[in-house]
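Visitor: Using only what follows, build the 3D model:
(chains A and B)
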Amino acid sequence: MWCTLPKSPTRMHELVVETHALTKRYGSVLAVDSLSIQVPRGGVFGLLGPNGSGKTTTMSMLLGLVSPTSGTFCLLGHDTRRGWQEALHHIGAIVESPSFYPYLSGRMNLRYFQGIIGRGDSKDIERLLDLVGLSSRAHSKFSTYSQGMKQRLSIAYAMLGDPDLLFLDEPTNGLDPAGMAEVRELIRHLSAEGRTVLLSSHLLHEVEQVCDRVAILSRGRLIAQGAIRDLLQQRGAVRLTSTDNTKAAAVISALPWVTAVTVENGYLVAEAPPERSWELTKALAEQGVSVKEMAPVQVSLERYFLEVTGDDSPSAQGETS
Amino acid sequence: MIAHMAHIMNLTRWEWYKLRRRWLPWIMLGVLLVVSQLFVWVSYSFNRSEQSGDVYANFTLPGSIPNVLGLAHSIGVFLVVILTASVLGTEYRWRTIRSILARGTGRWQYLTSKVVLLILLAGGALLIVMAVTTVSSLIAGALAGDAPAGSSASARWIDVPIAFGKAWFAFLPYIALAAFFTVLTTSSAAGMAISLVYYYAESIVAAIFLNFLTWFETAASYMLGRNVTAWMKSGDDVVINPLIRASFGTFPGALHAFLVLVFYIVALGGLAIWLFRRRDLTGN
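Guide: Down below sits the predicted model:
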């Protein structure tokens, strides 16, 4: 069996999701191209990419809604060939837009889904409704809910049965800024409870705020994955001003590990790992240039994303499409 | 296997939780009751103007029940097609099917649970029609008094469960038909429309070709509608008008009809499950 993970994992650093060359093709369109990602237990893992990058298709394959063209994956220690559906009983999911029965109330919808899952009781439903702030409207029909209420009901649905792993596909879609902040807080809360959250989003700032690790997809392909901090450090920069900025720019540009030097508001910005800033200072001093001020620049995820994906440009709101 | 059965029964229970909160099944039951009771009371009023043994049997027990069940089946076919297509198709329209299957609900178990519920509802509706018909027949019989002189009561109580069984079984191929076309098209409206067009087209094709091509009778004997009719008529002492016989040919026997209907149920139901299991559920 390809999947070698234990089925009742107890260690903190094991993988709860692992895909190996996962591929989905719709006719001539390659939606997901040989994707291999590893999601460790605990924390919030972001699947980041523009619309159409394959995030939802990936989640749909993991949830058994879409069959892979090729490749394999493991979910909570169960592989695609046997017992994988058993793993789904321990996974809560929101896939795309909130999907509930419009003629049932929020409470009845949750009661129905709890019934087919076969775990939990009415107290759990009331607790979840309270958690997502829907208790006062729980009796109202789903069709009368606002987009934000629908999204919050989706989160309550995803948490039915007390799952170990949560798949949240664009959970803040359609929410106002306050609603988005609430959902982000809720995701942090879920993670703090020890659950693993796999969050897909095209909102860079959202991912940056709540995720510990990230996999960046573009046109169905994995561009980068790892801890956000590590990824951003790889693309760090140093901002400085000196006694002779023109000469300093020439000296710094000549260093092989500096990828670019730009001028921003009178400062030189050298794209270089911040931990090598002492080497910058040394090189400048050797050429008779004194550094007046120097500070590391934290590269934003947005900038990192632009660099690694090339032509997928984000909008002014920090979206990836 | 027992675990699968328990899972299907649990899913069926929760399907009923949802369905009983919709207007559609109750409206359909109302239509069925109104039409069946109209039959009883129209027969009663005919009997008042012109007394006849056959008419008297239509609104008094036990003869009223098999007659009403036959009528309920004729109307019920449309209703069961609409209900089946709606129950399955709305899951696609509302995208709830993704929410259900994403939680590890087995695909074939889920589809089976829906079909099981529809079968139970069809049986339940017939039982309710029978109960209401029993009450109305008792009242109509009491109002009408004794049977007209010289009429020979041909209906027996044993015909009641037989008529119920025949009508119930004859719903199954239409449930399978509508389930197949709804899963194929992933749409209530399309599933409904294609199933009803199939129902009508088949009878029109049979009527046309049977008049011109004698060899077509063999092909027609495997058509769904003709076998349902043959199955519903089986055991009846119905004298078919020679003119009608000339137009519609000879109907198959009861065993033939039963086997053909079983084939349709298995084939259409199997195809629906096969499609449902293998098809991707994308958000579009």
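
Visitor: which residues are there in the stretch 151-300 of chain A that come within reach of chain B?
Guide: By the rule Cβ under 8 Å from any Cβ of the partner chain, the part of the stretch 151-300 of chain A lying against chain B is A:157, A:160-161, A:167. C-beta coordinates here come from the backbone N, C-alpha and C atoms, glycine included.

Visitor: Could you pick out the buried ones from those residues?
Guide: A:157, A:160-161, A:167 (16 or more other Cβ atoms under 10 Å in any protein chain shown).

Visitor: Please narrow these to those residing in helices.
Guide: Those of those mapping onto helices are A:Y157, per DSSP state H.

Visitor: May I see the buried ones among the residues of the stretch 151-300 of chain A next to chain B organised as TSV, with pLDDT added?
Guide: Shown next, in TSV, are these (pLDDT from 0 to 100):
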residue	pLDDT
A:Y157	95
A:L160	94
A:G161	92
A:F167	95
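
Visitor: Would you mind giving the buried ones among the residues of the stretch 151-300 of chain A next to chain B as JSON lines with distance to B:F39 added?
Guide: Converted to JSON lines, these look like this (distance: Cβ to Cβ, whole Å):
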{"residue": "A:Y157", "distance to B:F39": "46"}
{"residue": "A:L160", "distance to B:F39": "48"}
{"residue": "A:G161", "distance to B:F39": "50"}
{"residue": "A:F167", "distance to B:F39": "55"}
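
Visitor: biggest helix in chain A by residues?
Guide: From DSSP H, the single longest helix across chain A is helix A:177-192.

Visitor: so where's the stretch 1-150 of chain B uncertain?
Guide: Low-confidence segments of the stretch 1-150 of chain B, defined by pLDDT under 70: B:150.

Visitor: so which residue of it comes closest to chain A?
Guide: Closest residue of the stretch 1-150 of chain B to chain A, Cβ to the nearest Cβ: B:G104 (3.2 Å).

Visitor: Was I right to think that residue contacts A:G92?
Guide: No. Look at B:G104 against A:G92 with Cβ atoms under 8 Å: they stay out of range, at 10.7 Å.

Visitor: Show me which of these two is the more surrounded one.
Guide: A count of neighbours by other Cβ atoms under 10 Å in any protein chain shown puts A:G92 above the other of B:G104 and A:G92, at 26 against 20.

Visitor: So for chain B, the centremost residue is which one?
Guide: B:F171 (2.9 Å; Cα atoms, centre = their mean).

Visitor: what do you get for chain A?
Guide: Centre-most residue of chain A, counting by Cα atoms, centre = their mean: A:G46, 1.3 Å.

Visitor: mind checking which helix or strand that residue is in?
Guide: If you go by DSSP states H and E, A:G46 is part of strand A:43-48.

Visitor: For the residue of the stretch 1-150 of chain B closest to chain A, which non-adjacent residue is closest in space?
Guide: Nearest non-adjacent residue to B:G104, counting by Cβ to Cβ, 6 or more residues apart in numbering or on different chains: A:L88, 3.2 Å away.

Visitor: Give me the neighbour count for that neighbour.
Guide: 24.

Visitor: Same question for A:D176.
Guide: 12.

Visitor: where does it fall, phi/psi-wise?
Guide: Dihedral pair for A:D176: phi -80, psi 170, per degrees, to the nearest 10.

Visitor: wait, it sits on A:S146?
Guide: No. Contact status for A:D176 versus A:S146: not in contact, 9.4 Å apart, counting by Cβ under 8 Å.

Visitor: What is the burial count for B:T185?
Guide: Neighbours of B:T185 under the rule other Cβ under 10 Å: 17.

Visitor: repeat for B:S187
Guide: Other residues near B:S187 come to 19 when the count uses other Cβ under 10 Å.

Visitor: Now do the contacts for it.
Guide: Going by Cβ atoms under 8 Å, 6 or more residues apart in numbering or on different chains, B:S187 touches B:89, B:92-93.

Visitor: roughly how far apart are whichever residue of chain A sits closest to chain B and A:A285?
Guide: Using Cβ to the nearest Cβ, A:L88 is the residue of chain A that sits closest to chain B, at 3.2 Å. To A:A285, A:L88 is 61 Å away according to Cβ to Cβ, to the nearest Å.

Visitor: do B:W94 as well
Guide: When B:W94 is compared with A:A285 (using Cβ to Cβ), they lie 69 Å apart.

Visitor: So which bits of the stretch 101-250 of chain B are right by chain A?
Guide: B:101-106.

Visitor: again, only this time at 10 Å
Guide: Taking Cβ under 10 Å from any Cβ of the partner chain as the criterion, the stretch 101-250 of chain B approaches chain A at residues B:101-107, B:110, B:113.

Visitor: so can I have a markdown table of these showing secondary structure?
Guide: Formatted as a markdown table, these follow (DSSP: H, G, I helix; E, B strand; the rest coil):
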| residue | secondary structure |
| --- | --- |
| B:L101 | helix |
| B:A102 | coil |
| B:R103 | coil |
| B:G104 | coil |
| B:T105 | coil |
| B:G106 | coil |
| B:R107 | helix |
| B:Y110 | helix |
| B:S113 | helix |
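
Visitor: Is it possible to mark the buried ones in those?
Guide: Among these, those buried by neighbour count (16+ other Cβ under 10 Å) are B:101-107, B:110, B:113.

Visitor: residue ranges of the strands in chain B, please?
Guide: Ranges of strands in chain B, per DSSP state E: none exist.

Visitor: Which residue is the nearest non-sequential neighbour of A:S242?
Guide: The shortest distance from A:S242 to any non-neighbouring residue, by Cβ to Cβ, 6+ apart, is to A:A248 (4.3 Å).

Visitor: Check A:V207 too.
Guide: Per Cβ to Cβ, 6+ apart, closest to A:V207 is A:G46, 4.0 Å.

Visitor: With that, I have no additional questions.
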